[in-house]
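> Following is a predicted model, sequence given first.
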Amino acid sequence: MTPTEQLKNEHEDIKTMLSIMKGVCKKLSSGEEVNPDHLEQILDFLKTFLDSVHHSKEAEVLYPALEQAGIPRHGGPPIGVMLMEHAIISNLIKGFDDAIKEYKEKSLNGTSKIIQTVTEQAKLLERHIDIENNVIYPLGDARLTHEKQAELLREFEKLEKERIGADKHEEFHQIIGRLKSIYDAQN
């Protein structure tokens, strides 16, 4: 497996979670209640996996390697734009966290804020993932040596163990499976 294949696999998990989140919004829009524990599990995935691990693999490991391989941060493929979008996504996650707090307090505003932040996150992340998968990662695959790719995979593994531990990734897979069955992620 290459570093970009690993990141693409993670993108599939992220896209599944986005679909789950859209299912949550569908229920909320129709006036149904959503289990606050499910919202907290989604938030944990977004904060811990997406923001702390996945984006860090890109920003701290892959993107610097791409720059060293001659892919500019600015003016070429949009590495700088991707990093800026990571910051926007972090802010949207904070907004989702605030919306959940309001929802748990039975605030009608919480429901609308959840729907709004999910809509914004989905729109941004779907485009963001498409650019990474189809523009940036193929350039990296073409420019990074097999040795460098093996080094990046080792750095990815170290980063993930340091940030979330050895078993948390599998726990997230289980959460995704459970939530997918509840919120019919085939929206």
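Sure thing, it's come through. Residues are numbered from 1 along each chain as shown.
> just the helices in the chain please.
All helices of the chain, identified by DSSP state H, fall at 3-29, 36-44, 55-56, 63-68, 79-104, 108-131, 137-143, 146-164, 168-183.
> Throw these into JSON lines and include mean neighbour count and mean pLDDT, thanks.
All C-beta spots, glycine's among them, are computed from the backbone N, C-alpha and C. Output for the helices of the chain, formatted as JSON lines (neighbours: other Cβ atoms under 10 Å; pLDDT from 0 to 100):
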{"stretch": "helix 3-29", "mean neighbour count": "19", "mean pLDDT": "97"}
{"stretch": "helix 36-44", "mean neighbour count": "16", "mean pLDDT": "98"}
{"stretch": "helix 55-56", "mean neighbour count": "18", "mean pLDDT": "97"}
{"stretch": "helix 63-68", "mean neighbour count": "16", "mean pLDDT": "95"}
{"stretch": "helix 79-104", "mean neighbour count": "17", "mean pLDDT": "95"}
{"stretch": "helix 108-131", "mean neighbour count": "17", "mean pLDDT": "95"}
{"stretch": "helix 137-143", "mean neighbour count": "16", "mean pLDDT": "95"}
{"stretch": "helix 146-164", "mean neighbour count": "15", "mean pLDDT": "96"}
{"stretch": "helix 168-183", "mean neighbour count": "15", "mean pLDDT": "94"}
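> Contacts only, for L62.
Neighbouring residues of L62 by Cβ atoms under 8 Å, 6 or more residues apart in numbering: P3, T4, L7, G140, L152.
> Got phi/psi on H74?
Torsion angles at H74 (phi, psi; degrees, to the nearest 10) stand at phi -120, psi 150.
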